[in-house]
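1. Would you be able to build a 3D model of this:
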Amino acid sequence: LKLWQRWFQEENPDKPPAELPVPNADSKWTMHDLLHHLTSTEGGHGTASKGAIVFEKAQCIKCHKSGGRGESLGPDLTTVGKRFMKKQLLESILYPSHVISDQYASKTVLTNSGRTYSGIVAGGGQDDIVVLQSTGEKVRVDKDDIDEIIPNRKSSMPEGLLDNLTLEEISDLFAYLGMIPVQNVARREDGTTVQ
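-> So this is what the prediction gives:
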């Protein structure tokens with residue numbers, strides 16, 4: 001495998017290395033812990049309405065659209081639950097730079113005035129572009145001021161977006177994104193279910 005990885009890197013120096021993602025040592029959650037939680041009975045019961053609030057708290061709304069809410073600079077997450085499995089979505093959140101779609105690849109914009117901006121580059125107006133930075137801030141850059149645009153290997157989506165969330169909030173977020181099936185069970189006022 002090492003020989004293949006070395007060959008791939010030599011043949012594709014502009015592509016990310018053919019390696020498995022490495023967890024950040026500072027992360028609160030590991031892939032194993034979160035996947036175990038989300039596939040457990042407890043973790044498989046999230047509340048979509050609470051998840052909508054978590055979608056904002058985790059900063060997802062700054063770059064992603066879901067059900068008409070949010071920005072459309074990153075992938076639209078409205079139907080993500082129908083297109084991906086929990087594990088795939090979790091990997092994308094925990095390791096955002098591991099697999100990056102060309103459509104949403106981050107770039108560094110170097111300007112003639114000496115400023116540097118990194119993020120997703122989108123068409124602005126006729127005379128400028130918009131750079132969505134990992135902070136969620138949008139910067140407009142005049143096309144006349146652009147010296148060079150360089151592709152990045154690192155995603156503009158920051159790592160650690162789940163670190164400030166509880167396990168319950170993560171379940172709610174996954175429910176909001178359609179990754180946890182909606183329970184079609186009616187409940188009485190005392191909390192018992194109607195069969």
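2. need the next SSE after the worst-scoring helix or strand of the chain on mean pLDDT, C-terminal direction.
-> Counting by mean pLDDT, DSSP states H and E, the chain has its least confident helix or strand at helix 2-11, which shows a mean of 84. Sequence-wise, the next helix or strand downstream of helix 2-11 (DSSP states H and E) is helix 31-38.
3. could you pull out the helices for this structure?
-> Shown for the chain, the helices assigned by DSSP state H span residues 2-11, 31-38, 48-57, 80-83, 86-94, 167-176.
4. Determine which stretch of those helices is the most buried.
-> helix 167-176 (a mean of 22; mean count of other CB atoms under 10 Å). From N, CA and C alone the C-beta is placed, and that goes for glycine too.
5. neighbouring contacts of the least confident helix or strand of the chain?
-> Contact partners of helix 2-11, identified using CB atoms under 8 Å, 6 or more residues apart in numbering, comprise Lys15, Pro17, Ala18, Glu19.
6. quick one: Ile93 from Leu35, how far?
-> Ile93 sits 11 Å away from Leu35 when distances are taken as CB to CB, to the nearest Å.
7. For the residue most central in space within the chain, list the residues it contacts.
-> Geometric centre of the chain, nearest residue: Ile93, 4.7 Å, by CA atoms, centre = their mean. By CB under 8 Å, 6+ apart, the contact set of Ile93 is Leu161, Leu162.
8. measure the residue lying closest to Ser97 once chain neighbours are set aside to Leu35 for me?
-> Nearest residue to Ser97, sequence neighbours excluded (CB to CB, 6 or more residues apart in numbering): Ser155, at 4.3 Å. According to CB to CB, Ser155 and Leu35 sit 20 Å apart.
9. Would you enumerate the residues in contact with Gly81?
-> Per CB under 8 Å, 6+ apart, neighbours of Gly81: Leu177, Gly178, Met179.
10. mind checking the longest strand of this protein?
-> Determined from DSSP state E, the single longest strand within the chain is strand 116-123.
11. picking up where we left off before, just the buried residues of the contacts of Gly81.
-> Leu177, Gly178, Met179 (16 or more other CB atoms under 10 Å).
12. will you turn those into TSV that also has distance to Gly46 and pLDDT?
-> What follows is those, written out as TSV (distance: CB to CB, whole Å; pLDDT from 0 to 100):
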residue	distance to Gly46	pLDDT
Leu177	9	94
Gly178	10	91
Met179	8	87
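13. Columns distance to Asp26 on top of those residues, output as a markdown table?
-> Formatted as a markdown table, the buried ones among the contacts of Gly81 follow (distance: CB to CB, whole Å):
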| residue | distance to Asp26 |
| --- | --- |
| Leu177 | 25 |
| Gly178 | 30 |
| Met179 | 25 |
